[in-house]
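Visitor: Got a sequence here, can you build the structure:
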Amino acid sequence: MKDKELERTMIALIKNYFKPYHGLPREIYVIFVARMINAMGVFVWPLLMILMDQELNMSPQESGFVMMIGGFLYTFSSLIGGKLTDTIGRKRVLIIFDSLAAVCYIACAFTPMSMMTIYLILGAMFFYGLSDPAHGAIIADLTNKENRENAFSLTYLGFNLGFAIGPTIGGLLFSKKMFFIFFMGDAITALIAVILVLIYVPETINKTKDDTEFSDLEKNVDGSIFSIILKRPVLIAFSVIMLGFNFVYQQWSFLMPLHASTAYGDTGAALYGFLASFNGAVVILFTPYLTTKLEGQRNTWRIFIGGLFYLFGFGILGFIATRSAFFLTVFLMTLGEIIVVISFTPFIINHTPASHRGRMNSVLPMIIGLGHTVSPYIMGTVLGYISIPRAWNLISIIMIISLLGMYVLDRSEKQKLLKPQAQFEA
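Guide: Predicted coordinates:
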């Protein structure tokens, strides 16, 4: 009897876990699997900072400059990719440029560790930037306002199911100097994901032609992307505030691995790999719960709550740097990451004409992405003058300012003082 009760309880828990994801289009489930496989081989980017530190003996400022250049390349190429996504199609852009990024990693596997390795990684960043707008646009095309947040939540969950083990494997390969497998593993999993999309996901750009079922803000319009943005001032305010959020979040891949490497030497890469996998595990356990718990809440309010988790999570490392503190930081930061990720893209898409989804998914992330782009170089320079703990204190101050901005925006949204102007026609 007890066994049957336990079985029923487990079945009920599993059903409740997947409840937010019932009834989504079949293609969304394929994208979920593709992202999971792709993330199983995400070895390079999470460990890039440590690679430059330990293998190429680059200073924090030099490493930060390289990461800033990568951010600029990604941002610039996403602008091109956004236009291509709205013209030649989502699927074609995704397949071509994700494949070329994988080719760059294959070339890294056959290249001795040197600055050429960095150039090839930057090349991969450029191609991933070209394909990035297509990823969001294809999910938007396959969904509507009612199920869009759940679809983005599921694909985000899929990535992190793979990411829960990918960086751990990558960290171990890195520590063993097995760089051929390190780079080839990243490339092969990316190509498998591309093949799944190629076979099972149709081109979706034609779905934007008939907008009779779209909300007012999603209906097709004529005009440039900049004219559309100017008629939706909430998107400008939102993007500027999110720049600060991204500046803070970027420390997950810049300041934190550097802190781990400084505090624990040669074992820092392995520790950071475990932290990255722990990040993925937290996403797996809590994404469905938070998706359900926050359903119906304004996206701006949800992002504000996510920012509070950033503040308390990253703030810990300004005062204590034990292994337990690192894991507690990642736990709190990841809760914030989940809330922010499942909220900010649907907010943008729900305020964007379907005819401009690709371009909007490149132009606004260009503003938002400045936080990612300039953060490594700025913080790398700052570290020439202050210690790592004091740098975390500075990050906390930036987060507080960003939180105040998001709070004001949310109050304005609620009171209809700064609202999306659905009546505008471009």
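Visitor: From N393, how far out is S261?
Guide: Taking CB to CB, to the nearest Å as the measure, S261 falls 20 Å from N393. Every C-beta, even on glycine, is put in place using the N, C-alpha and C of the backbone.
Visitor: For these two, work out which one has more neighbours and name it.
Guide: Using other CB atoms under 10 Å as the criterion, S261 and N393 rank with S261 on top: 19 against 15.
Visitor: what sits against that one?
Guide: M49, I50, D53, Q54, G268, A269, Y272 (CB atoms under 8 Å, 6 or more residues apart in numbering).
Visitor: Spatially, and excluding backbone neighbours, which residue is closest to it.
Guide: G268 (3.5 Å; CB to CB, 6 or more residues apart in numbering).
Visitor: quick one: low-confidence ranges for the protein?
Guide: 1-8, 10, 12-13, 208-225, 227, 354-357, 361, 416-426 (pLDDT under 70).
Visitor: What strand or helix carries the residue positioned nearest the centre of it?
Guide: When CA atoms, centre = their mean is applied to the chain, the residue found nearest the centroid is V341 (6.8 Å). Assigned by DSSP states H and E, V341 belongs to helix 323-350.
Visitor: buried stuff in that helix?
Guide: 326-350 (16 or more other CB atoms under 10 Å).
Visitor: G170 versus the closest residue to F179 other than its chain neighbours, what's the distance?
Guide: The shortest distance from F179 to any non-neighbouring residue, by CB to CB, 6+ apart, is to M113 (6.4 Å). Distance of M113 to G170, given as CB to CB: 15 Å.
Visitor: So between those two, which is more surrounded?
Guide: G170 (27 against 13).
Visitor: circling back to that earlier point, by contact count, what packs against the helix holding V341?
Guide: With contacts defined as 3 or more CB pairs under 8 Å, 6 or more residues apart in numbering; DSSP states H and E, helix 323-350 has these neighbours: helix 115-142, helix 148-163, helix 233-249, helix 255-264, helix 268-293, helix 299-316, helix 357-368.
Visitor: Could I get the buried residue list for the third one?
Guide: Neighbour-count burial for helix 233-249 flags 234-235, 237-249 (criterion: 16+ other CB under 10 Å).
Visitor: Check stretch 78-87 too.
Guide: Neighbour-count burial for stretch 78-87 [16+ other CB under 10 Å]: S78, L79, I80, G81, G82, K83, L84, T85, D86.
Visitor: would you list those residues in CSV and tack on distance to P257 and secondary structure?
Guide: Compiled in CSV, the buried residues of stretch 78-87 are given as follows (distance: CB to CB, whole Å; DSSP: H, G, I helix; E, B strand; the rest coil):
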residue, distance to P257, secondary structure
S78, 24, helix
L79, 29, helix
I80, 30, helix
G81, 28, helix
G82, 30, helix
K83, 34, helix
L84, 33, helix
T85, 32, helix
D86, 36, helix
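Visitor: export the residues you listed to CSV and tack on distance to E62?
Guide: Formatted as CSV, the buried residues of stretch 78-87 follow (distance: CB to CB, whole Å):
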residue, distance to E62
S78, 25
L79, 27
I80, 28
G81, 28
G82, 31
K83, 33
L84, 33
T85, 34
D86, 37
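Visitor: Highest neighbour count among the contacts of S261?
Guide: Within these, Y272 tops the neighbour count with 30 neighbours, counted by other CB under 10 Å.
Visitor: ok, that one touching D53?
Guide: No: Y272 is beyond contact range of D53, at 11.1 Å (criterion: CB atoms under 8 Å).
Visitor: Could you pull up the residues touching I386?
Guide: When contacts are counted by CB under 8 Å, 6+ apart, I386 is found next to L394.
Visitor: Let me know the secondary structure of it.
Guide: State at I386, reduced to three classes by DSSP: H, G, I helix; E, B strand; the rest coil: coil.
Visitor: Quick check on it: phi, psi?
Guide: Torsion angles at I386 (phi, psi; degrees, to the nearest 10) stand at phi -130, psi 160.
Visitor: Quick check: nearest residue in space to L161, chain neighbours excluded?
Guide: L161 sits nearest to M36 (CB to CB, 6+ apart), 4.6 Å away.
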